[in-house]
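Novice: Generate a structure from the sequence data that follows.
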Amino acid sequence: MKQSALVLSALISVPALAGVDVIYGTDDRKDVYETTSALHLKLAKSTAGMIKKSMFIKGANATSFDLKEFKSLERAGNVCTSEKFSQQPLAAMCSGFLVGPDTLITAGHCYNTFDLPENVCKDFAWVFDFNMKSANHNPTKNFSINNIYNCKQVVAIQRDAFYDFAVIKLDRKVVGREPLKFRTSGKISVNDPMVVIGHPTGLPLKIAGNGKVTNNNEMTRFSTNLDTFHGNSGSAVFNSTTGQVEGILIMGKNDYIPSNPSNPRSCKVNNICDNNGNNCKAGFEPGPIQYGEVVLRIEKINTFITKSLLMK
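Specialist: A predicted model of the protein is given here:
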């Protein structure tokens, strides 16, 4: 789980998790409507956000829902108006992705940080298409019931010094979206181009590319320079050319810092590092995050995924 001093989610009726948040070089995050890659748009359709059920209210018709009790990134976290996406709403606590018709993968800390996994399973739904359809679109309105799925069971969960994942069985098969292909053996190459898709800081779905491996020496994890934030926990990290899932985003560098270093109450700006994960505005951070955002190798949990896929 990302180390962070910023507690945004408590302000939007979502229990607080530490962040996974930093920009490497330029901010590569894009809204779905801004993305021109057909492959990345297809991958985005199989990505979901974890949203508290109590945030949903009845929508304009019997099969739609709206969100309530949300705030903008600026209002929820004292993020400066000048920061990217500062006026967009926050709702998703974590991200996840489909690997089977009714099987979803996310980070383990999304289910065992603030409550028992079975309680989190009961209280949160997985929502597809929480995204911006245009610059002026309101993404908190008209969620189709076909895009909202309950957690039926936490099939497997592990969070320790080497692993951080949860395998979730949904209440029904997901319609209109394909399970993602993922690595089952071997190891990512340091030259593989990468993209991450998820809900940074709980925002509507974002696609961030131009990533590279910054450390590939750990047995169960590798590090990247992808632009991710704490709501990205559980996001799939893909080979951006083939669309194969290489891992699960689980941890990263410090997030926002005060715009005025001498005034801790000043509005916050992104922590920015160079493309190698060095020279960060927030300073040096030890451990695996010194190399960048930390990703769990998905091939290391293939046994757990296979078991879930065989379940009725």
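Novice: Would you confirm that Val269 contacts Cys80?
Specialist: Yes - in this structure, Val269 is within contact of Cys80 by Cβ atoms under 8 Å, at 5.5 Å. For the C-beta atoms, the positions are set from N, CA and C on the backbone; glycine is no exception.
Novice: Listing request: residues of the stretch 151-300 of the chain with sub-threshold pLDDT.
Specialist: Scanning the stretch 151-300 of the chain for pLDDT under 70 picks out 286.
Novice: now the strands for it?
Specialist: For the stretch 151-300 of the chain, applying DSSP state E, counting those that start in this stretch gives strands covering 164-170, 194-198, 206-211, 213-215, 221-224, 236-239, 245-251, 256-258, 268-270, 272-273, 293-297.
Novice: Distance to Val127 and mean neighbour count for those - can I get that in TSV?
Specialist: As requested, the strands of the stretch 151-300 of the chain are exported to TSV (distance: least, Cβ to Cβ, whole Å; neighbours: other Cβ atoms under 10 Å):
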stretch	distance to Val127	mean neighbour count
strand 164-170	11	25
strand 194-198	13	27
strand 206-211	15	23
strand 213-215	31	19
strand 221-224	26	25
strand 236-239	16	26
strand 245-251	18	27
strand 256-258	25	21
strand 268-270	25	19
strand 272-273	30	20
strand 293-297	23	27
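Novice: Out of these, which gets nearest to Trp126?
Specialist: Taking Cβ to Cβ, strand 164-170 is the member of the strands of the stretch 151-300 of the chain nearest to Trp126, at 6.5 Å.
Novice: Which other helices and strands does the closest one contact?
Specialist: Counting contacts by 3 or more Cβ pairs under 8 Å, 6 or more residues apart in numbering; DSSP states H and E, strand 164-170 is packed against strand 103-106, helix 109-112, strand 148-159, strand 245-251, helix 302-310.
Novice: again, 6 Å this time
Specialist: Strand 164-170 sits against strand 148-159, with contacts defined as 3 or more Cβ pairs under 6 Å, 6 or more residues apart in numbering; DSSP states H and E.
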